[in-house]
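Colleague: need a structure here:
(2 chains)
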There are 2 protein chains.
Amino acid sequence: MPRYKLIVAYDGTDFHGWQKQCARDERRPPGAEPDRAAGGPLRTVQGVLEEAAGSVAHEPIDILGASRTDTGVHAVGQVAAFTCRRAFEPDRLSAALNARLPDDVRVRRVHLVDEDFCPVTEAIAKGYRYRIAHSRGLASTRPLFSRSTTFWTARTLDPVRMNEAARHLMGVHDFASFTRMHHSRRSTVRTVYNCLVAATGRHRLRIEISGDGFLYNMVRIIAGTLVDVGRGKIEPEAIDDIIAAADRRAAGPTLSPQGLCLMWVKLSPAGPACESCTSQPA
Amino acid sequence: MPRYKLIVAYDGTDFHGWQKQCARDERRPPGAEPDRAAGGPLRTVQGVLEEAAGSVAHEPIDILGASRTDTGVHAVGQVAAFTCRRAFEPDRLSAALNARLPDDVRVRRVHLVDEDFCPVTEAIAKGYRYRIAHSRGLASTRPLFSRSTTFWTARTLDPVRMNEAARHLMGVHDFASFTRMHHSRRSTVRTVYNCLVAATGRHRLRIEISGDGFLYNMVRIIAGTLVDVGRGKIEPEAIDDIIAAADRRAAGPTLSPQGLCLMWVKLSPAGPACESCTSQPA
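Modeller: Predicted coordinates:
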């Protein structure tokens, strides 16, 4: 059966993140229909895409995404994949999906891929951007049209100091200080390939970071720690001690999700097989 | 009493335009309290600003704006003014207003002005921008993050042809073809100082227009007519005939408000007195 890879962009503002989930309702027996009165299923990007793809393919569709972005986080280069019985010309499938999708999700491109393609295990690198607007005192420079994609702080930040700190994050490190305390991951060692901070205007800057994988809230905690450097609360060199502490309390605050955007996912040319993908009807 | 001039920016998406108004409710006697069950007062930029200014000044405030922008239309350079008993340092007044304003309105700057300053009669020129995204067939290039500030058409437009047509609009003309049919204005003669169309990307363009004043829907009908030129439906020279017809049916469609933004208002150095301004408590 044909399998399709999608490059997906979305404005995360009105989504409860990427992954399908149901509103908390303890009274609802497992397997029962979602209870509308209790909120029903939450609106997620995966759910909206599966509905559109199901309507195009005339069969129930399971879509897998490379990155499970959180509530409010955006993407311009999410990678997802699904298999269906019908064969489509990729550009026509893209047009058919976009015609059915709400205006806060866009399919950028569709490719036909191998039956065992898995966007999770074949993702070898991911790139994120975190946008910040900053200005002390007056709130007149607070973002207006970009307020849903930019974090705002009423402090003046020094992007040069922040960029200096960013360099200390690059390389192979145990990033236990940069994830929530009771995480479920076995290893907290990750490789950050690149991390830089650049001014994009007098009161605007962006953090760009790429790595082989990111822990839960890792980019938002890194952004919060770099803001602490930028406002002069800690020195750029303190990053080394924060990493060494391997303790969430050593790092800065978790910044809000709206500044974060998944920019791209790099896939391995010949990735390993993945159980959850090969277990799809073939 | 001190009078303040404000430069105001707003995202028009969730506003019923600039001007204060009440939801239609024929049963409600004039002067009665707005009926919440019938919708109550509609959310307008003027209403939101008057509420913030009233809370800062501790007295009821009337705010006058240079341009009564329509529902859904944005502004980055609206000019407004109000008088109050208390004297404020302009930057502090700006900060106090922004602290009370919702996040879709920002006061960019505050100036102390003459007691008889009137943003309506002293406005000698206004500049608007209309943003368009265009692409034939595939909807994958449809705006995502800028969808509330950009009009989208599934046709390919030629910005060079559109810019040629734009030149025919410049000068003193009777713009009766470019306003709604049953308008209330005595004269439909206006001067367009400048009108240009520029590509801002492969699938993006903007129309920039300035003039001494604009009729109801004038910029949106001009944008619709320029789109007709851009898609090849009419020739750039046809603009002359459309102007000469002095008939709304001769021009193109009224494009949707979200592409439109009031960029700036130019004020006369020494403007004439205005009845509605000088009639404010002095």
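Colleague: just checking, residue A:210 touches residue A:191?
Modeller: No: if you go by CB atoms under 8 Å, residue A:210 and residue A:191 don't touch, sitting 9.6 Å apart. For glycine as for every other residue, the C-beta is placed from the backbone atoms N, C-alpha and C.
Colleague: So if I had to pick from these two, which one is more boxed in?
Modeller: residue A:210 (20 against 14; other CB atoms under 10 Å in any protein chain shown).
Colleague: Now do the same contact list for the more buried one.
Modeller: Residues in contact with residue A:210 (CB atoms under 8 Å, 6 or more residues apart in numbering or on different chains) are A:125-128, A:192-195.
Colleague: Emit the ChimeraX select command for whichever of those are buried.
Modeller: Buried residues among the contacts of residue A:210 (16 or more other CB atoms under 10 Å in any protein chain shown), as a ChimeraX selection:
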select /A:125,126,127,128,192,195
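Colleague: Pick the one among the contacts of residue A:210 closest to residue B:158.
Modeller: Ranked by distance to residue B:158 (CB to CB), those are led by residue A:127 at 35.2 Å.
Colleague: Tell me what the closest one is bridged to.
Modeller: residue A:210, residue A:264 (DSSP bridges).
Colleague: Just give the nearest non-adjacent residue to residue A:222, would you?
Modeller: With sequence-adjacent residues excluded and distances taken as CB to CB, 6 or more residues apart in numbering or on different chains, residue A:222 is closest to residue A:178, at 5.7 Å.
Colleague: in its sheet, what does the helix or strand harbouring residue A:109 sit against?
Modeller: In this structure, residue A:109 sits in strand A:105-113 according to DSSP states H and E. Sheet pairing for strand A:105-113, assigned by DSSP bridges, gives strand A:3-10 (antiparallel).
Colleague: Off-centre distance for the strand it pairs with?
Modeller: On the basis of CA atoms, centre = their mean, to the nearest Å, strand A:3-10 sits 14 Å off its chain's mean C-alpha point.
Colleague: Let me know whether the next helix or strand after that strand sits next to chain B.
Modeller: Later in the chain than strand A:3-10, the nearest helix or strand by DSSP H and E is helix A:45-57. No: if you take CB under 8 Å from any CB of the partner chain as the test, helix A:45-57 misses chain B, and the best it gets is 12.0 Å.
Colleague: So in that sheet, which strands flank whichever helix or strand comes after helix A:45-57, and in what orientation?
Modeller: The C-terminal neighbour of helix A:45-57 among helices and strands, as given by DSSP H and E, is strand A:64-65. Applying DSSP bridges, strand A:64-65 is found paired with strand A:74-83 (antiparallel).
Colleague: and the strand it pairs with, what's its mean pLDDT?
Modeller: Taken as a whole, strand A:74-83 carries a mean pLDDT of 98.
Colleague: so that strand versus helix A:45-57, what angle?
Modeller: Put simply, strand A:74-83 runs at 40 degrees to helix A:45-57, going by axes from the mean of the first three to the mean of the last three CA atoms, to 10 degrees.
Colleague: Quick one: distance of strand A:74-83 to the chain centre.
Modeller: Computed by CA atoms, centre = their mean, the chain-centroid distance of strand A:74-83 equals 10 Å.
Colleague: so what's residue A:126 up against?
Modeller: So residue A:126 contacts A:66-67, A:210-211, A:213-214, A:262, A:264-266 (CB under 8 Å, 6+ apart).
Colleague: tell me which of those is nearest to chain B?
Modeller: Nearest to chain B, judged by CB to the nearest CB, of those is residue A:262 at 13.3 Å.
Colleague: That closest one in helix, strand or coil?
Modeller: Of the three states, residue A:262 takes strand under DSSP: H, G, I helix; E, B strand; the rest coil.
Colleague: hey, what's the closest residue to it other than its chain neighbours bridged with?
Modeller: Among residues not flanking residue A:262 along the chain, residue A:75 sits closest, at 4.0 Å (CB to CB, 6+ apart). Per DSSP bridges, the residues bridged to residue A:75 are residue A:10, residue A:262.
Colleague: isn't residue A:75 right next to residue A:10, touching?
Modeller: Yes: counting by CB under 8 Å, residue A:75 does reach residue A:10; the two are 5.4 Å apart.
Colleague: which residues do the two both contact?
Modeller: Listed contacts common to residue A:75 and residue A:10 are residue A:45; contacts here mean CB under 8 Å, 6+ apart.
Colleague: any idea of the pLDDT on the closest residue to residue A:52 other than its chain neighbours?
Modeller: Excluding the flanking residues, the one nearest residue A:52 by CB to CB, 6+ apart is residue A:100, at 4.0 Å. The confidence metric pLDDT takes the value 96 at residue A:100.
Colleague: and if you look at residue A:27?
Modeller: Looking at residue A:27, the pLDDT reads 43.
Colleague: Also the one 10 residues further on?
Modeller: Listed pLDDT for residue A:37 reads 49.
Colleague: what's the answer for residue A:269, then?
Modeller: 77.
Colleague: before we move on, which element is it in?
Modeller: Assigned by DSSP H and E, residue A:269 belongs to neither a helix nor a strand.
Colleague: okay, now it: neighbour count?
Modeller: Counted with other CB under 10 Å, residue A:269 comes out at 6.
Colleague: List the contacts of the strand holding residue A:109.
Modeller: Taking contacts as CB under 8 Å, 6+ apart, the residues outside strand A:105-113 that touch it are A:2-11, A:45, A:48-49, A:76-77, A:81, A:88, A:90-91, A:93-94, A:97-98, A:101, B:139-140, B:142, B:144.
Colleague: ok, 7 Å please
Modeller: Residues outside strand A:105-113 that contact it (CB atoms under 7 Å, 6 or more residues apart in numbering or on different chains): A:2-10, A:45, A:48-49, A:81, A:90, A:93-94, A:97-98, A:101, B:140, B:142, B:144.
Colleague: Stretch A:248-262 now?
Modeller: So stretch A:248-262 is contacted by A:12-13, A:67, A:69-78, A:126, A:128-132, A:148-151, A:177-181, A:217, A:219-221, A:223-225, A:227-228, A:242 (CB under 7 Å, 6+ apart).
Colleague: mean confidence for that stretch?
Modeller: If you average the pLDDT over stretch A:248-262, you get 97.
Colleague: Straight-line length of it, end to end?
Modeller: 23 Å (CA to CA, to the nearest Å).
Colleague: now do stretch A:243-259
Modeller: 23 Å.
Colleague: Of the contacts of residue A:210, which is the nearest to residue A:56?
Modeller: Lowest distance from residue A:56 to those (CB to CB) belongs to residue A:126, with 27.5 Å.
Colleague: Now do the same for the closest one: its pLDDT.
Modeller: Residue A:126 is given a pLDDT of 98.
Colleague: In a strand, residue A:193, correct?
Modeller: Yes: assigned with three-state DSSP, residue A:193 falls within a strand.
Colleague: Next, the contact list for it, please.
Modeller: By CB under 7 Å, 6+ apart, the residues touching residue A:193 are A:125, A:210-211.
Colleague: do the same with residue A:90
Modeller: A:110-112.
Colleague: Mind doing that once more with 10 Å?
Modeller: Residue A:90 makes contact with A:2, A:4-6, A:109-113 under the criterion CB atoms under 10 Å, 6 or more residues apart in numbering or on different chains.
Colleague: what do you get for residue A:100?
Modeller: A:48-49, A:51-56, A:107.
Colleague: Equivalent analysis for residue A:104, please.
Modeller: Residue A:104 touches A:9-15, A:43, A:45, A:48, A:74, B:144-145, B:147, counting by CB under 10 Å, 6+ apart.
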